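Enquirer: sequence? don't have it. structure:
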């Protein structure tokens, strides 16, 4: 007799932080804590599917277009579980120092 145990998924989204600098790369990891059968992983940005079948989502050379809510979803026969992060991209600050000659009167 074979007994199949179904355990709903439990996941945790790991990230280096909510804020990143424009031009940087960000690696988001969807850690599977529990679930049987092993949960299928899907990544969403602002509700739109981005990637499936991988626990790591890499965003290279981020811009303000990469800002948004990233969600990792684990799904199996026992149900689904999600975890999210709101990623904010800070623009690079460029300071220009100019030497302006003064006019003597």
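Expert: That came in fine, so what should we check first? Bear in mind the structure is a predicted one, so any value in this text is a computation, not a measurement.

Enquirer: which of the helices and strands in this protein ranks last by mean pLDDT?
Expert: Least confident helix or strand of the chain, by mean pLDDT, DSSP states H and E, is strand 19-21 with a mean of 93.

Enquirer: can you list contacts of that strand?
Expert: 26, 62, 87-90, 92 (Cβ atoms under 8 Å, 6 or more residues apart in numbering). Using the backbone N, CA and C atoms, a C-beta is placed for each residue, glycine as well.

Enquirer: low-confidence ranges in this protein?
Expert: 1-2, 93-101, 105 (pLDDT under 70).

Enquirer: please redo it, this time with the cut-off set to 80
Expert: 1-4, 92-105 (pLDDT under 80).

Enquirer: can you count the residues close to residue 91?
Expert: 10 (other Cβ atoms under 10 Å).

Enquirer: which residues are in contact with it?
Expert: 22, 64.

Enquirer: where's the least confident helix or strand of the chain relative to the chain centroid, distance-wise?
Expert: Here strand 19-21 is found 12 Å from its chain centre; the criterion is Cα atoms, centre = their mean, to the nearest Å.

Enquirer: ok, back up a step: of the contacts of strand 19-21, buried ones?
Expert: The neighbour count (16 or more other Cβ atoms under 10 Å) marks 26, 62, 87, 89 as buried among the contacts of strand 19-21.
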